[in-house]
Every structure is written in structure tokens, then in C-alpha cells.
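Undergrad: generate a structure from the sequence data that follows.
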Amino acid sequence: MRSRLPRYVVALAAAGAVMAGAAVANAQDTVKIGVILPMTGPFQSTGWQANAAINLFLKQKGSTVAGKKIQVILKEDAGVADNAKRLAQELIVNDRVNVLLGFGLTPIAMAVAPLATEAKIPMVVTVASTSAVLDRAPFAVRTIQTIPQIANIVGAWAAKNKIKNAVTLVSDYAPGHDAEQWFIRSFEQGGGKVIERLRVPLANPDFAPFLQRARDAAPEAIFAFMPAGVGGIFAKQFAERGLNKSGIKIVSMSDVMDDDLLNGMGDAVLGIITGGPYSVAHPSESNKTFVAAFRAANGNRRPNIVSVAAYDGMELIFRALQATKGVAEGPVLLEAMKGLAWESPRGPIKIDAQTRDIVQNIYMRRVERRNGELHNIEFESYPAVRDPAR
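TA: Numbers count the residues shown, from 1 in each chain. Take a look at the predicted model:
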């Protein structure tokens, strides 16, 4: 005699199948973006800026694109690579994200890269700036900058403007080494001479002894680089040791005179020259609109290149989804990102189709006081700069 299931069991099974189908449909209707940022620790200003920009983007553009709902899942790594790797694994396996975004330091991006590659998930790099990141991460796209992209321009500018010798002073990790190498290359090709190379520990940096060594070398200029958020310590110690009155110029990467922190650095930084892709004082209408909206949403706090890169990272994802008509499979979405171009608050940008790196203007800027605030005022522009290392 054949056994038969009670009707209520059959009904429950049918209901379960419907619910499972609905869950799959809901999953397909939602594109999940896993964001990994340092919201605490020494690099928390970086995390804050990126997260504030993501929130502003969603507020302005909405959380739906190409018929898909966008869900952002923020994970905090405290700037520690092992934390980021574990969190990325959770986002990929448990949350089943379609895209990863963020990565506050190069070691973090390097730690996550193998996971994104294995899962074939696009990885939008909005902070880490070492050239090699994208070489080791075939599913990564960058929306911030590369170190050689800026340092190469700064070195060439310094030589062209009759700075004959310099000391380099950089944080002792991969981006600092990149900055040192590419500044020296273009500076010495232009006729300059680097007379000493100084590297400062990344963790708990004390610039004072290195600044004293730089002063003892008596260069015409110091080329400086350290991560965004640490520039304020450098500027304070530069002034405390009287180097702002020594006649030694500073020519540096834009991270050192970070827009977010610049206004609190005081008059000691007036006249410091930097090269970079963005200033809060960039005169375009697009940037004026962005800055006004950012300040209105964040208690009048200013944006910086990190917030612009995160804002553009979201723009990249939205544009790619529009191009694929909502298809969010990793290889398809990555392919759609290649070659995209638009007007960013920083100026025109493009994702190079071959390298997956950003092409953008690099501006030389000087710290000046405007309307009661310190700003990096652009005075020379180098258009459509690619990373010379790639």
C-alpha cells in the first residue's frame, strides 16, 4: 500500500517552495555593495570621508538603478589587513555581495585582492594608491589616484621651477616607496638632485628627528608623502622645528595637505605646494555643487579626495549597472566599467579600458587663505594623466 503525505504537509512544502522562490527573486532584484573602511584607529578620517560620500550619493541618486535595489553593507576594519581579509570573506560567502568597495590602505587592498579574484567580484578601489594593486587584482578598478601619477608630475614641476636639490621624506610602506621613486626619477631627469632619502615608520609616526636630519642636509626643498590623515602631524612638527621659517620649501603629494584637515593646520602651511587630482577649491560648477551638498549633509565639514573617489566609485557602479541593464554578474559588470568616462567634481575622469586605472587631471596647488579658510589653490593643470608605472 502506497503511503500518502497529509495535505497540510504538502501545503507547507508548497508554501516553502514559494518562499524560497521569492527569496531568490529578491536576491536577484538587489545588488549588494560590500564596503570595507577604517572607521576607527589612526585612519578613521579616511573611513569617515568615504562613508559620508557614499551616503550623500545615495541620498542624491536614490538606491535603485536599472530596476535593481542597491544595498550597501559597511564593514569596519580599523585599518588592519587581517581584519579586512576576514570581513571580505564574510561579505562574499555570507552576504553574497556583487561588488566590493573601499580599502583604506594598500596592504588592505592587497589582502582582499585574491578573494575578489577567486570569487570574480569587481573590487572598486577608492583609497589604496599603489600601482601594483591593480596588477595583483584583475577584478579591481581604481577611482582615486596612483602615487606615480602625482609624484612624477611633482618632480617634473620642481625641476622645471629651478629647485636644484631636495630631500625626500616619505612613510615607510609601499606607497611611500612609490612616491620616493617617481619623484626622484622625474626630478633628476629634469636636472635636480636628491641629496638624502628619509623614510618614517607608518605606525605612530614621529617626524621630528627626520625633519631635523632634513634641515641638517640644507636642501632647497623637501618632497613629502604620508597617508591622508597624518599630514597634520607632519605640518605641526615642521612648524615646531622652525622649518617654516628656514627657507626650505615643501613640495609634496596632495595627501600631506589633506582638504579635510588643512584648515586646522594654521598659517605655518601657507605657501606649501602640492600636486594632486582634487581640491575642495576646484572652481568647476560640478565641484561647487558637490562641496555645498557635502558640507550641508555633514555639519559643514569639507570633503577631500577620498570622499570624491568614493562618490565616483558609486557613480562607476551605477553607470556600469545601467550599461548592463541591471546584470550584476562579476565579469559582465567589470567589463562594463572599462572605458567609462564622466565629469567628476575633480574634473573629467575616465577608467582606462586596458589598465582599469583612472585617467584624470593633476593640478599643482599652493596653500592660500581664501574667505577665512585655508585652501589648496590650483595654479597649473596637467590634463588626462595616466599612471606612468602601468
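Undergrad: what lines up beside the helix or strand where residue 365 lies in the sheet?
TA: Secondary-structure element containing residue 365, defined by DSSP states H and E: strand 358-370. When pairing is defined by DSSP bridges, strand 358-370 lines up against strand 273-276 (antiparallel), strand 347-351 (antiparallel), strand 373-385 (antiparallel).
Undergrad: please work out which of these is packed deepest.
TA: Compared across the strands paired with strand 358-370, strand 273-276 shows the largest average neighbour count, a mean of 26 (mean count of other C-beta atoms under 10 Å). C-beta coordinates here come from the backbone N, C-alpha and C atoms, glycine included.
Undergrad: that one - what's its average pLDDT?
TA: Strand 273-276 carries an average pLDDT of 97.
Undergrad: now swap in stretch 169-179 and tell me
TA: Computed over stretch 169-179, the average pLDDT equals 92.
Undergrad: between the strands paired with strand 358-370, which one is closest to residue 188.
TA: strand 273-276 (17.0 Å; C-beta to C-beta).
Undergrad: for this structure, what spans make up the helices?
TA: Remark: helices assigned in the chain by DSSP state H are 7-29, 44-61, 81-93, 106-119, 132-135, 147-160, 174-189, 208-217, 231-240, 259-262, 285-297, 305-323, 330-337.
Undergrad: on that earlier part again, buried set for the strand holding residue 365?
TA: 358-367 (16 or more other C-beta atoms under 10 Å).
Undergrad: try stretch 114-124
TA: Across stretch 114-124, burial judged by 16+ other C-beta under 10 Å covers 115-117, 119, 121-124.
Undergrad: distance from the chain centre to that stretch, please.
TA: From the chain centre to the centre of stretch 114-124 is a distance of 18 Å (C-alpha atoms, centre = their mean, to the nearest Å).
Undergrad: now the terminal residues of that stretch, how far apart.
TA: 14 Å (C-alpha to C-alpha, to the nearest Å).
Undergrad: can you offset everything so residue one is 401?
TA: Yep, numbering from 401; the last one is stretch 514-524 now.
Undergrad: which residues touch that stretch?
TA: 485, 488-489, 492, 497-503, 509, 512-513, 537-543, 713, 716-717, 720, 730-731, 733-734, 737 (C-beta atoms under 8 Å, 6 or more residues apart in numbering).
Undergrad: repeat that for 6 Å
TA: With C-beta atoms under 6 Å, 6 or more residues apart in numbering as the test, stretch 514-524 has contacts from 488, 492, 499-501, 537-541, 713, 730-731, 733-734.
Undergrad: give me the buried subset of these.
TA: 488, 492, 499-501, 537, 539-541, 713, 730, 733-734.
Undergrad: you'd agree residue 487 is up against residue 475?
TA: Yes: using C-beta atoms under 6 Å, residue 487 is in contact with residue 475, at 4.1 Å.
Undergrad: quick check, pLDDT for residue 738.
TA: Taking residue 738 on its own, its pLDDT is 98.
Undergrad: same check on residue 430?
TA: For residue 430, the model assigns a pLDDT of 97.
Undergrad: likewise the one 5 residues further on?
TA: With respect to pLDDT, residue 435 has a value of 98.
Undergrad: what's the answer for the one 3 residues further on, then?
TA: Reported pLDDT at residue 438 in the predicted model: 96.
Undergrad: that one - how many residues pack around it?
TA: 27 (other C-beta atoms under 10 Å).
Undergrad: now it. Nearest residue, chain neighbours left out?
TA: In space, and not counting its chain neighbours, residue 438 is closest to residue 479: 3.8 Å by C-beta to C-beta, 6 or more residues apart in numbering.
Undergrad: just for the stretch 551-700 of the chain, where's the confidence low?
TA: 629 (pLDDT under 70).
Undergrad: redo that, cut-off 80
TA: The model of the stretch 551-700 of the chain has pLDDT under 80 over residues 604, 628-632, 644.
Undergrad: before we move on, back to that, residue 667: which of the buried residues of strand 758-770 is nearest?
TA: Checking the buried residues of strand 758-770 one by one against residue 667 (C-beta to C-beta), the nearest turns out to be residue 767, at 9.4 Å.
Undergrad: pretty sure that closest one contacts residue 673?
TA: No: with contact defined as C-beta under 6 Å, residue 767 does not reach residue 673; the gap is 7.9 Å.
Undergrad: from residue 740, how far off is residue 681?
TA: When distance is defined by C-beta to C-beta, to the nearest Å, residue 681 is 27 Å away from residue 740.
Undergrad: which of the two has more residues huddled nearby?
TA: Between residue 681 and residue 740, counted using other C-beta under 10 Å, residue 681 has the larger neighbour count: 20 against 17.
Undergrad: now the spatially closest residue to residue 750 that is not a sequence neighbour: how far from residue 749?
TA: What sits nearest to residue 750 in space, not counting adjacent residues and going by C-beta to C-beta, 6+ apart, is residue 741, at 3.9 Å. Separation of residue 741 from residue 749 (C-beta to C-beta): 7 Å.
Undergrad: next one: residue 764
TA: Separation of residue 764 from residue 749 (C-beta to C-beta) stands at 18 Å.
Undergrad: how far away is the residue most central in space within the chain from residue 545?
TA: Nearest residue to the geometric centre of the chain (C-alpha atoms, centre = their mean): residue 527, 2.2 Å. For residue 527, the distance to residue 545 equals 10 Å [C-beta to C-beta].
Undergrad: alright, I will stop here.
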